[in-house]
Every structure is written in structure tokens, then in C-alpha cells.
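K.L.:
got a predicted structure here, sequence first:
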Amino acid sequence: MLIPNDIGGERALSPFDQRHVLRVNYNFQSPISNTRTGYTATMLRGWTIGGVLNATSGMPFTAVVNGDTSGTGYTGNARADATGLPVTSGSGYFNTAAFTVPPAGTFGDAGRDTIPGIPQFSLTASFFRSFRIDEKRRIEFRIDSTNPINHVNITAINTTVNSIQYGLPTGAGAMRSMTATVRLRF
């Protein structure tokens, strides 16, 4: 049984523990060479696609119980009780049956940050080209996009055992956004 200020009960993963991080910067340029002539070759030459792809494992969560379940007057969120079932099985983001409200008069024994985080995936993309008008002037065309495939990244889940929304997502990352820019350089 844990007590509220038990230092030994705090031994766990750090809240920013992220085991796997993959970051890929990419940049592709049109393969049309300067030796090809004609209107089509001129229009297809010099385009560039670039961006960043990120894939990470998620940061862990802690199962909590809202309110005083210990009967000691302790206020705020307290630890949930671990049932002994595996946390990573189940059909949701984690096995909600792995945690329960502690019996009256006791504190929960679930460890801190024992719920594995949700993997994240993000992508940014840019599509651009600069056209020469004369010796001193150029016109640039650019499209920048964040999350161009509109992938939903769940950023938070409800881990409060005695909540009606227990185990459900409570936050999501930004949706797709695009910006187009035309710039005259002189």
C-alpha cells in the first residue's frame, strides 16, 4: 500500500520518456536538365519538394483517481489501483481494466507513468520554384503545408479512472494547414 508522499512509489519512467524518434528531412528537385529546351521543359525545370517527416513513440501517462477515495481528506488527483492486468492489451489506447479505484481508506498502488504513450506521426511539405524575369528580378512561387495528409495525432487521453470519459482521447494535434506565397525579388 502506498502513502501520498512515498518516494519509493515515484520510481518510474520520466514524463518525457520517448523511446523511439525518427526524423527525416527530404528534398527532391525536378530531374529536367538545363539542356532540354521548349516551353514544357522550362515550366517543369527547377521545382523542388521538401519537408520533414517525424515518427515518435508517445510519452507515458499516469492513471489517477479524482477526489478523496482514501477517506483521509487528501484532495486532488490520487493514484489509481493496479489490477495486475496488462496495460498494453485491450481494444483502446490502453487496457482500461488494468486500473481501478482503490478500496476505501487506502491509496492506490499504480505506478507513475505506467500507461504507454500514443505514437505520433507528423509531416511538413513545401513545393516551390523561382522564375527569373531578367538579370535583377525573380518571381518565387511557394506552397507550404503542415500535416498535408491530415493524419490525426491523439495527444492526450483521459486517465482518470472514475471519470465517465476514462480511456477516451481528450486532445488531438493540429489539422492540415496550407499557405501559398508569391514573392517578387528585385
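P.N.:
Right, received. Where do you want to start? Numbering: from 1, shown residues only.
K.L.:
this structure: helices as residue ranges?
P.N.:
Using DSSP state H, the helices found in the chain span residues 39-44.
K.L.:
quick one: low-confidence ranges for it?
P.N.:
1-11, 68-76 (pLDDT under 70).
K.L.:
need the contact list for the residue nearest the centre of it.
P.N.:
With distances taken as CA atoms, centre = their mean, residue 120 lies nearest the centre of the chain, 3.9 Å away. The contact partners of residue 120, taken as CB atoms under 8 Å, 6 or more residues apart in numbering, are 54-56, 58, 153, 155, 173. The C-beta positions use only the backbone N, C-alpha and C, and glycine is treated the same way.
K.L.:
again, 10 Å this time
P.N.:
18, 21, 54-59, 151, 153-155, 173 (CB atoms under 10 Å, 6 or more residues apart in numbering).
K.L.:
can you check residue 167 too?
P.N.:
Residues near residue 167 by CB under 10 Å, 6+ apart: 63, 90-97, 99, 115, 157-161.
K.L.:
list buried residues within those residues.
P.N.:
63, 93-96, 99, 115, 157-161 (16 or more other CB atoms under 10 Å).
K.L.:
determine which two of those are furthest apart.
P.N.:
95 and 160 (15.7 Å; CB to CB).
K.L.:
give me the neighbour count for residue 102.
P.N.:
Residue 102: 22 surrounding residues under other CB atoms under 10 Å.
K.L.:
that one is in contact with residue 67, isn't it?
P.N.:
No: judged on CB atoms under 10 Å, residue 102 makes no contact with residue 67 at a distance of 11.6 Å.
K.L.:
count of neighbours near residue 108?
P.N.:
Residues contacting residue 108 under the criterion other CB under 10 Å number 24.
K.L.:
name the nearest residue to it, sequence neighbours excluded.
P.N.:
residue 79 (3.5 Å; CB to CB, 6 or more residues apart in numbering).
K.L.:
what's the answer for residue 92, then?
P.N.:
Leaving aside its sequence neighbours, residue 92 sits nearest to residue 167 (CB to CB, 6+ apart; 5.0 Å).
K.L.:
paired strands for the top strand by length along the chain, with orientation please.
P.N.:
Across the chain, the longest stretch assigned as strand under DSSP state E is strand 115-132. Here strand 115-132 has these sheet partners by DSSP bridges: strand 48-61 (antiparallel), strand 138-146 (antiparallel).
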